[in-house]
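Visitor: model the structure of this input:
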Amino acid sequence: MWSIIPVIMKKIKMGLIGGGEGSFIGRVHHMAALLDNQIDLVCGAFSHDPATSKRSGAHYLLPDNRVYGSFAEMISEEQKLPEPMRMDFVSIVTPNSLHFEPASMALERGFHVVCDKPMTCSLKEAVDLEKIVHHTGRVFALTHTYTGYPLVKEAKHIIKSGKLGVVRKILVEYPQGWLAMPVEKAGNKQAAWRTDPQFAGITCTMGDVGTHAANLAEYITGLAITQVCADLTAFVPGRRLDDDGSVLLRFDNGAKGVLTASQICAGEENALKIKVYGEKGGLEWHQMEPNSLILKWPDRPMEICRTGMGNLSEAAAFHTRVPAGHPEGYIEAFANIYRNFARAVSNFKAGKPPDSLYDFPGVQEGVRGMLFLEKAVESSAGSQKWVEMKV
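Guide: Numbers count the residues shown, from 1 in each chain. Okay, here's the model as predicted:
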């Protein structure tokens, strides 16, 4: 719990790239980063338009001289400041097409990086960024938010402990309904860039939410997807990128899986859920009811694990913030990633390696995500039934 968090003598200083007027995810990153009082937002380049960036900076209560007209200007100018003043890391919350360039520039200039997913626009960019991360040695976090939930940590622990036996079947789905109509043509900024290949890359829905589903399947089970057989569709007339997809999965232990991701399921909110079945039992977790984990057994009644109750694993207990019965969810899970990242940066500055307890997705997960997307698109467009998950 909180009592085991070591005191960080100085806050980690954050610079934000993106997150200006009309942004949803920028505000989420800001709230999550500040929740544990270990990080301060000290500067930002909030838009490609300098005037918009300046207005946005005022909303974040930043002084004019720490609000920049571009990410390149911010990284260059911050590097010139004395260490006690300049930012320690950047958070990149832009459309996908603007992930690689600021991330690589920041890393090469000595800054740590938090990046929204998917990590890049292409697998080549992802592999190149992985090399830069290793070359620079800087801390890199990818915000696969759902790995931050306490009972996702518990599910991972249960599977790793062998309680379910050998994993055989994984079902993961992420249905939303907000793109059921062509809202990108009606001024919806979030829909406009996600459905535009220039900004989103090769995929819309599979990249936006399907990567979360694939990451969650690999994270919880500890298994790697080895082959995919995908069917991606753009149902809304005139839409250039997929708004729905189904993917058959094969894993490295022989397990089989099914992944569905859709943003045209009218009436659905954010219904991410995962079911994992082993030879001895199964488990089930729903993002919209995140404080419950269902365990299923062939020879006794099902069990429901709850956050703050019972003998949860060390990882689940550490990532639980409030007593049992008090709702906690999306922002807190996001904040767990930022808290763990801050711990890793603090250790880096002190010359210490990060503790394994403070886990968060990194550049390897980013490469895996882009590999999944490219192979899913390749499978859907081609005539080959199964496509290997190889770089």
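Visitor: which pLDDT value goes with the residue in the chain sticking out farthest from the centre?
Guide: Relative to the centre of the chain, the most outlying C-alpha is that of Asp299, 36.5 Å out, by Cα atoms, centre = their mean. With respect to pLDDT, Asp299 has a value of 95.
Visitor: quick one, helices of the stretch 201-350 of the chain?
Guide: Counting by DSSP state H, counting those that start in this stretch, the stretch 201-350 of the chain has helices at residues 205, 211-221, 314-318, 330-349.
Visitor: I'd like the mean pLDDT over the third one, please.
Guide: Spelled out, it's helix 314-318. So the average pLDDT for helix 314-318 ends up being 93.
Visitor: wait, isn't Cys204 in contact with Val236?
Guide: No - under the criterion of Cβ atoms under 8 Å, Cys204 makes no contact with Val236, lying 10.1 Å away. No exception for glycine: its C-beta is placed from N, CA and C like everyone else's.
Visitor: so for these two, which residues contact both of them?
Guide: Common contact partners of Cys204 and Val236 (Cβ atoms under 8 Å, 6 or more residues apart in numbering): Leu179, Asp243.
Visitor: of all the helices of the stretch 201-350 of the chain, which lies closest to Glu83?
Guide: For the helices of the stretch 201-350 of the chain, the distance to Glu83 is smallest for helix 330-349, at 9.7 Å, taking Cβ to Cβ.
Visitor: touching the closest one from outside, list them.
Guide: Residues contacting helix 330-349 (Cβ under 8 Å, 6+ apart): 5-6, 8, 12, 28-29, 31-33, 35-36, 38-39, 88-89, 112, 114, 138-139, 141, 143-149, 290, 319, 321, 353-355, 358-361.
Visitor: quick one: the spatially most central residue of the chain from Asn65, how far?
Guide: Among the residues of the chain, the one closest to the centroid is His144, at 1.7 Å (Cα atoms, centre = their mean). Going from His144 to Asn65 by Cβ to Cβ, to the nearest Å gives 34 Å.
Visitor: have a look at Cys204 and Val236 and say which one is more surrounded.
Guide: Cys204 (29 against 18; other Cβ atoms under 10 Å).
Visitor: tally of neighbours for Leu61?
Guide: Leu61: 7 surrounding residues under other Cβ under 10 Å.
Visitor: and what of Val113?
Guide: Other residues close to Val113 by other Cβ under 10 Å number 27.
Visitor: what residue ranges in the stretch 1-150 of the chain are flagged as low confidence?
Guide: 1-9 (pLDDT under 70).
Visitor: now the strands for it?
Guide: In the stretch 1-150 of the chain, the strands defined using DSSP state E, counting those that start in this stretch lie at 12-17, 39-45, 89-92, 112-115, 140-142.
Visitor: distance of the closest residue to Tyr277 other than its chain neighbours from His144?
Guide: Distances taken as Cβ to Cβ, 6 or more residues apart in numbering put Lys169 closest to Tyr277, at 4.2 Å, once the chain neighbours are dropped. Using Cβ to Cβ, Lys169 is found at 22 Å from His144.
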